[in-house]
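Trainee: just to be clear, the model below is a prediction. Sequence and coordinates:
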Amino acid sequence: MTLQDGPIPSSWVEISLDQISRNLELTLALLPDSTAFCAVMKADAYGHGISRVVPLLAEQGVRCVGITSNSEARSVRQAGFCGTLIRLRAATLQEMEAALPDRVQEQTGSLWSAQHLRRILERAPAPAGVHLALDAGGMSRDGLDISTQAGQQQCREILDEIAPRIVGISTHFPRNDPTALRQSSELFRQQVAWVCDTSDLTRSDLLVHAGSTLTLLSGEPVETDMYRCGAILYGFLRPEAGFRPTMELKANVVHLGEYPEGAFVGYDSDLRLDTNRRLACVSIGYAAGYSRIAQDRGAVLIRGQRAKVLGKTSMNSIVADVTGIANVCVGDIVTVFGADGADVIGPDIATAQFSTILPDLFSDWGLRNPRHYR
């Protein structure tokens, strides 16, 4: 792969479109019979670029996409997607108004949003469905809690406002261990039944949906007509089943120097060399997603060998110890995440050194760095 024309990047991500397609193929094969799939495109497809991922979804017949922001909705439509587009969070009045041309199905979990949605949709150029969001013992985020009499009363008022527009009922399970998932799923089933019994809504006419990547991979049977998954497309989990990461993070060696025993490395002189060392300055720092939290536990690959990262991370650079690596030159590619030769900085290493989950890292890296596709 060669870098695209344009300014030479300090750091960049390399994205495998073939691997995204393969991960999607494996995902669709995991779906229970008669269960639909919603591909979640939050954070510009987890940092991979909606414009390049949406055509891969179309190739395999995906007909529902989940987004959160209006910019994501517009990007999905501009990529040629004509299917169902669902916002997977609550929205402001301004967002709901502006999303009308992109035919976004909104969710409601409050009387306020139901009232405004009814007025907005009366002016919509084309009919748009609404999804009733229930908390169901879940995230206490933007779903309606109907476990109380007050919550049930508000639900009745929401139904009075907008029941004819409701096409789906949704929730988000907070945990995916078997016992908690069974409990959440049963509670959601009971609450969906209560909503239908309390209104003119018919269960068979509704898209009842819950469950994320972790729910799908749990193997637990849950009552859902559709799984909403994003992380699984990018190979964060289940390598034993063939899923592989779809992004690598790269930079360059931009300086090499010989530094004596006793020299300090990085800000605040926190690290002092205990022997003479050859050090490489690498063109990536916290501005490009190499977090300062990785101090004293990070490593990169240079010429197929692992080099420890020393000292505190700067805004646009890190320092790697290349003392034992032969023939390192300015301009050498540095692999921050991914493979180089036989060695790999993989998910387990990256999540440990950055103390976070891989979706956080991929969305951060992909949004901060130029993307190069292969």
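Mentor: Happy to help now that I have it.

Trainee: ok, how many other residues are close to Arg123?
Mentor: By other C-beta atoms under 10 Å, 8 other residues sit near Arg123. Where you see a C-beta, it was placed from the backbone N, CA and C, and this is true even at glycine.

Trainee: what does the one 3 residues further on give?
Mentor: Residues within reach of Ala126, counting by other C-beta under 10 Å, total 8.

Trainee: are we agreed that it is in a helix?
Mentor: No: per DSSP: H, G, I helix; E, B strand; the rest coil, Ala126 lies outside any helix segment and is coil.

Trainee: separation between it and Arg87?
Mentor: 16 Å (C-beta to C-beta, to the nearest Å).

Trainee: which other helices and strands contact the longest strand along the chain?
Mentor: Counting residues, the longest strand found in the chain (DSSP state E) is strand 247-259. Applying 3 or more C-beta pairs under 8 Å, 6 or more residues apart in numbering; DSSP states H and E, one finds that strand 247-259 contacts strand 11-15, strand 277-282, strand 333-340, helix 358-368.

Trainee: list the buried residues in that strand.
Mentor: Residues Met247, Glu248, Leu249, Lys250, Ala251, Asn252, Val253, Val254, Tyr259 are the ones in strand 247-259 that count as buried (16 or more other C-beta atoms under 10 Å).

Trainee: sheet-wise, list the partners of that strand with their directions.
Mentor: Strand 247-259 has the following strand partners under DSSP bridges: strand 11-15 (antiparallel), strand 277-282 (antiparallel), strand 333-340 (antiparallel).

Trainee: so what's the residue count around Gly331?
Mentor: Using other C-beta under 10 Å, the number of residues around Gly331 comes to 8.

Trainee: my guess is it meets Ala251, correct?
Mentor: No: in terms of C-beta atoms under 8 Å, Gly331 does not count as a neighbour of Ala251; the distance is 11.1 Å.

Trainee: contacts only, for the residue nearest to Ser199 when sequence neighbours are not counted.
Mentor: Once flanking residues are discounted, Ser199 sits nearest to Leu159: 4.6 Å by C-beta to C-beta, 6 or more residues apart in numbering. Neighbouring residues of Leu159 by C-beta atoms under 8 Å, 6 or more residues apart in numbering: Ile166, Val195, Thr198, Ser199, Leu201.

Trainee: may I have the phi/psi pair for the third one?
Mentor: Going back to what we said before, that points to Thr198. Taking degrees, to the nearest 10, you get phi -90, psi -10 for the backbone angles of Thr198.
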